[in-house]
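Colleague: take this sequence and fold it.
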Amino acid sequence: MSHGKIREDKTCLNCGHVVEERFCPHCGQENVEPKQPFHYLFTHFIEDFTHYDGQFWKTIKYLLFRPGKLTKEYLAGKRQLYVAPVKLYIFISFITFFLPSLFSGSEEEMNNDSKKTHASQEIEKEKKKEQIAQFTDSLTQGLKEAQLKAKKPKTSKDLKLTQVNGNDIETDVIDETADGKIGVLGAKTMKQFDSISHKNNNKAVYSYFRPFAKKIFYLQEKGLSQDEIFDRFTNTFLHTLPKALFIYLPVFAFFLWLFHNKKRWWYFDHGIFTLHYFSFLLLGTLIFILLSELMALLPDFGMFTLLSIFIYFVATIYMCIYFFIAHHSVYETRKRTSIFKGSILFLINTFGVLIMFLILLYVSFMTMH
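Modeller: Just a heads-up that it's a prediction; the model follows:
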């Protein structure tokens, strides 16, 4: 119930009917003052969603520990006791999207503070290290070229390739350079990458990895380290995950529709099941994020490490078998039939989600900035 101040005037501002109590019997609007304190915006949102009557918490409890219960109740017409499926999914998606940004923001602030503290002392050291490293690299490169010319004469094409790459073409796609940066196919910069690709016969490989190389070198030119690039990629991936799952919702429901009786189960019914199941997956992801942040605060003892591994293992197994339990509960088929259909659906959707994640990984990486 809202704590907004009730108007003395009993005429509804929305429809003009007389309001005897708190809510208008005609349109349902609450008869409160139109102007409220600023904090009312936030408290009203929370109250409106949770209702403080147990609706929200009851929904979360059933979603986590009673697989399929919410779907059965909703399809049976009991819809006022729980949060609506679409509203539930959007709210959990928002929290899953918003929470990682808070953690990453706090971590970046801590890192920035520590960097500023030592910046004045480290700048001169880094400059000296870079000068020494450049001199050493140039000297080493000159010695290698002299040895190659003396011992093993090669064509001009091979010499140029060796001079640019310094390695065999069978190099790692992603590796760490001597200065601690990320190298792609033996190249340290985009100019070097293009130069190697032009001189190599296997141009398809370089064409395929060129967007990745361009993004990595661009981020490194902005001064980002390996860890910072990885953190940005992880955050971008987590932010995109709810959107990708939302796009896959109708596909998941379509596969359910294919494997069940069309007369008894409508596509709408499968959509409700999918919304609840995906809400659980997002909530599970959110719990994993919270657990990882909590475990990071604990001392690095063997007992805590074993405990965290055990918790992650149990949670992962539960998230895998959740679908089978929910599927059997909602569709009420025999156990063997339910396990058979559930297994096929699980494999098909695992493959579909895997493809979606590969696309998501590519999009997440390419949209980093």
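Colleague: any low-confidence regions in the stretch 151-300 of the chain?
Modeller: By pLDDT under 70, the weakly predicted segments of the stretch 151-300 of the chain are 151-181, 183, 186, 201-203, 300.
Colleague: mind listing the helices for the stretch 201-350 of the chain?
Modeller: Using DSSP state H, counting those that start in this stretch, the helices of the stretch 201-350 of the chain run over residues 203-221, 226-258, 267-297, 302-331, 335-366.
Colleague: reformat the ones you listed as a markdown table; add mean neighbour count and distance to A84.
Modeller: For glycine as for every other residue, the C-beta is placed from the backbone atoms N, C-alpha and C. Putting these into a markdown table (neighbours: other C-beta atoms under 10 Å; distance: least, C-beta to C-beta, whole Å) gives the following:
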| stretch | mean neighbour count | distance to A84 |
| --- | --- | --- |
| helix 203-221 | 16 | 40 |
| helix 226-258 | 17 | 15 |
| helix 267-297 | 18 | 9 |
| helix 302-331 | 15 | 17 |
| helix 335-366 | 14 | 24 |
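Colleague: now those as a markdown table including distance to Y89?
Modeller: A markdown table is the format used below for the helices of the stretch 201-350 of the chain (distance: least, C-beta to C-beta, whole Å):
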| stretch | distance to Y89 |
| --- | --- |
| helix 203-221 | 31 |
| helix 226-258 | 8 |
| helix 267-297 | 5 |
| helix 302-331 | 15 |
| helix 335-366 | 16 |
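Colleague: closest one to L70 among those helices?
Modeller: In terms of C-beta to C-beta, the element of those nearest to L70 is helix 267-297, at 5.0 Å.
Colleague: if we can go back for a sec, right, and the helices of the stretch 201-350 of the chain - which one's nearest Q80?
Modeller: Closest approach to Q80 among the helices of the stretch 201-350 of the chain is made by helix 267-297 (15.5 Å; C-beta to C-beta).
Colleague: tell me the helices and strands packed up against that closest one.
Modeller: Here helix 267-297 touches helix 55-65, helix 69-75, helix 85-151, helix 226-258, helix 302-331, going by 3 or more C-beta pairs under 8 Å, 6 or more residues apart in numbering; DSSP states H and E.
Colleague: and L99, what pLDDT?
Modeller: On pLDDT, L99 comes in at 69.
Colleague: ah, wrong one, I meant K341
Modeller: 92.
Colleague: swap in the one 3 residues further on?
Modeller: In the predicted model, I344 carries a pLDDT score of 94.
Colleague: nearest spatial neighbour of it, skipping sequence neighbours?
Modeller: In this structure, I344 finds its nearest non-sequential neighbour in F259, 7.0 Å apart by C-beta to C-beta, 6 or more residues apart in numbering.
Colleague: phi, psi for the one you found please.
Modeller: With angles defined as degrees, to the nearest 10, F259 sits at phi -100, psi 10.
Colleague: for T367, same thing?
Modeller: Dihedral angles (degrees, to the nearest 10) for T367: phi -100, psi 0.
Colleague: I359 versus S197, what's the distance?
Modeller: 25 Å (C-beta to C-beta, to the nearest Å).
Colleague: next, the buried residues of the helix or strand K191 falls within.
Modeller: Following DSSP states H and E, one finds K191 within helix 190-199. Residues of helix 190-199 classed as buried: 190, 192-193, 195-197, 199 (neighbour count, 16 or more other C-beta atoms under 10 Å).
Colleague: mind putting these into TSV with distance to I95?
Modeller: As requested, the buried residues of helix 190-199 are exported to TSV (distance: C-beta to C-beta, whole Å):
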residue	distance to I95
M190	39
Q192	44
F193	40
S195	47
I196	45
S197	44
K199	51
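Colleague: C15: neighbour count?
Modeller: 12 (other C-beta atoms under 10 Å).
Colleague: got the contact list for it?
Modeller: 24, 26-27, 29 (C-beta atoms under 8 Å, 6 or more residues apart in numbering).
Colleague: widest-spaced pair of those?
Modeller: H26 and Q29 (8.8 Å).
Colleague: shared neighbours, the two?
Modeller: Joint contacts of H26 and Q29 (C-beta under 8 Å, 6+ apart) are 12, 15.
Colleague: okay, now the unreliable bits of the stretch 1-150 of the chain?
Modeller: Scanning the stretch 1-150 of the chain for pLDDT under 70 picks out the ranges 1-4, 36-54, 99-150.
Colleague: circling back to that earlier point, and which of the buried residues of helix 190-199 is nearest V184?
Modeller: Distances from V184 to the buried residues of helix 190-199, taken by C-beta to C-beta, are shortest for F193, at 6.2 Å.
Colleague: that closest one - nearest residue in space that isn't next to it in sequence?
Modeller: Among residues not flanking F193 along the chain, A187 sits closest, at 3.8 Å (C-beta to C-beta, 6+ apart).
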